[in-house]
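Student: predicted model follows, preceded by the sequence.
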There are 2 protein chains.
Amino acid sequence: MSDNGRVPTNKPDTEPAAQREAKPTAKKKPQVTPSPERRRELLDTAAEVFAAQGYNATTVRKIADAAGMLAGSLYYHFDSKESMLDEILSAFLTELWEGYDAVLAAGLGPRETIEALVTESFREIDRHRAAVAIYQKESRTLSAQPRFHYLSDSQQKFEKAWLGTLERGVAAKVFRADLDIRLTYRFVRDTVWVAASWYRPGGQHSPDEIARQYLSMVLDGIALRPT
Amino acid sequence: MSDNGRVPTNKPDTEPAAQREAKPTAKKKPQVTPSPERRRELLDTAAEVFAAQGYNATTVRKIADAAGMLAGSLYYHFDSKESMLDEILSAFLTELWEGYDAVLAAGLGPRETIEALVTESFREIDRHRAAVAIYQKESRTLSAQPRFHYLSDSQQKFEKAWLGTLERGVAAKVFRADLDIRLTYRFVRDTVWVAASWYRPGGQHSPDEIARQYLSMVLDGIALRPT
DNA sequence: TAACCTACCAAACACTTGTTAGGGAAGTGA
DNA sequence: TCACTTCCCTAACAAGTGTTTGGTAGGTTA
């Protein structure tokens, strides 16, 4: 994606902890225990609204509307609008890196690694369309905030994985050596992730088919060459 | 770009008109005449802030800060935050279409047309980086508003030009016929315009050099093929 | 029945938002 | 000197913002 890095700090762990203990130093959230299923539901609708309107343009009242409740009621489940965003993004990144790490650990050749990463990316777009769209729009500004520093971490790890693979490919003479490698990296990265802005699940092509055609274009180009 | 269409309605003309006449039916803006140069200056700083923070996250007070004045003072030059955005985007689109129309009228072959359009696009990104970034982030949501309907118009015209050229190229056997043409369109379109998110003028590569390498990747792919 | 918990509502809070109204200082032209 | 214009400031406005507080209906457990 256009701005990413380390595998996210395991938010899903730190937060339930805060709920369980309810230390006297922690100011908010008494010992209520909202169900995780309902939280997931609400996060999904929140993600849709964020993706459609943009995070800042989305009011908590709009989210509540979409969820069929009043604004204040959201605060039974979450302690702020920001932490909804946080949970949406970190959940997405956690799952993304599960897939990526598996690919990177498989010991494939450079070309096959790129193919697997692209395919995996389109599958993530398919599964987390809203989260990816939010990430695309907001990550640049968010990563300045300490709370969302894990976005920068992820971005760095992301760049290392892709750039490294491309460099391996150049060394192994499977990728062209006459291109600026960082330009190539941004090219491949962006072409994949912008797709989240137009992709709709259940469309004409499956994620794997889109990945196949994208890879064909990126690797071999769109020009017809004489046989 | 990712969401575009017709050449913008000539805003630059309708508005000075409204100022000159000052009809009794027009509610606001008395007969003051702010200098166009100062307006341009302020629009440039506003565009930078919009691009950096996002339109909705940008308060008029932040713009005023960046311009070294107070929020209310902006309303001497503009009648709303929204009309600043309007002017930024329509000025950009006007210039963009000047370049595009010249290319399309030149009667080039399909491949040469794509090359010229891509090169022109990177030059526009170089000149209107902020406006392009704003356009990328906000056009999807804005085009729903009647005021910004010219964004949809531009998007349609844009798609027609690029898709038509690609189809001509397939018919002329200079582009591959085995790809989904709409996928190809989005691929080429997005690869070009996302560049606005990372491009900084005065960087390592000139716009023309970036265009050259991008074209090389898009047309011939990044894979090294046996000679 | 009583106690308790979950999930929401009703109503307000302090603050920020875009915008406006009434100036006033500095310059220009007569 | 006077009138006028340009450009900004001060101070406020109403609406909308995220968030909190104190409930309460309905279910579950004892």
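Tutor: Nice, thanks for sending it over. Quick caveat: nothing in here was measured; it's all calculated off a predicted structure.
Student: C-terminal to the worst-scoring helix or strand of chain A on mean pLDDT, what's the next element?
Tutor: The least trusted helix or strand in chain A, going by mean pLDDT, DSSP states H and E, turns out to be helix A:11-21, with a mean of 34. Per DSSP states H and E, helix A:11-21 leads on to helix A:36-53 as the next helix or strand towards the C-terminus.
Student: which positions in that next one come out as buried?
Tutor: Of the residues in helix A:36-53, A:42-43, A:45-53 count as buried by neighbour count, 16 or more other Cβ atoms under 10 Å in any protein chain shown. C-beta: built from backbone N, CA, C; applies to glycine.
Student: before we move on, what about stretch A:49-66?
Tutor: By neighbour count on 16+ other Cβ under 10 Å, the buried set for stretch A:49-66 is A:49-58, A:60, A:62-64.
Student: for it, what is the average pLDDT?
Tutor: Model confidence over stretch A:49-66 averages 96 on the pLDDT scale.
Student: what's the answer for stretch A:87-95, then?
Tutor: 97.
Student: so which bits of it are buried?
Tutor: For stretch A:87-95, the buried set under the neighbour-count rule, 16+ other Cβ under 10 Å, comprises A:87-94.
Student: gap between it and the chain center?
Tutor: Mean-position distance between stretch A:87-95 and its chain equals 7 Å (Cα atoms, centre = their mean, to the nearest Å).
Student: what about it and DNA strand D, touching?
Tutor: No. Stretch A:87-95 lies out of reach of DNA strand D by Cβ under 7 Å from any atom of the strand, never closer than 12.9 Å.
Student: can you list the low-confidence ranges for chain A?
Tutor: For chain A, applying pLDDT under 70 flags the ranges A:1-32, A:227.
Student: let's see that with 50 instead.
Tutor: Across chain A, the stretches falling below the confidence threshold (pLDDT under 50) are A:1-30.
Student: coming back round to it: closest to DNA strand C among the buried residues of stretch A:87-95?
Tutor: Of all the buried residues of stretch A:87-95, the one sitting nearest DNA strand C is A:E87; the distance, using Cβ to the nearest atom of the strand, is 15.8 Å.
Student: for the closest one, which non-adjacent residue is closest in space?
Tutor: Excluding its sequence neighbours, the residue lying closest to A:E87 (Cβ to Cβ, 6 or more residues apart in numbering or on different chains) is A:L43, at 5.9 Å.
Student: shouldn't that neighbour be in contact with A:D86?
Tutor: No. Here A:L43 lies out of contact with A:D86, judged by Cβ atoms under 8 Å, at a distance of 10.3 Å.
Student: which neighbours do these two share?
Tutor: Common neighbours of A:L43 and A:D86, counting by Cβ atoms under 8 Å, 6 or more residues apart in numbering or on different chains, are absent.
Student: what segments of chain A are helices?
Tutor: Applying DSSP state H to chain A gives helices spanning A:11-21, A:36-53, A:60-67, A:74-77, A:81-104, A:110-127, A:129-142, A:149-171, A:181-193, A:207-220.
Student: on that earlier part again, list the contacts of the residue nearest to A:E87.
Tutor: Neighbour list for A:L43: A:84, A:87-88, A:91 [criterion: Cβ under 8 Å, 6+ apart].
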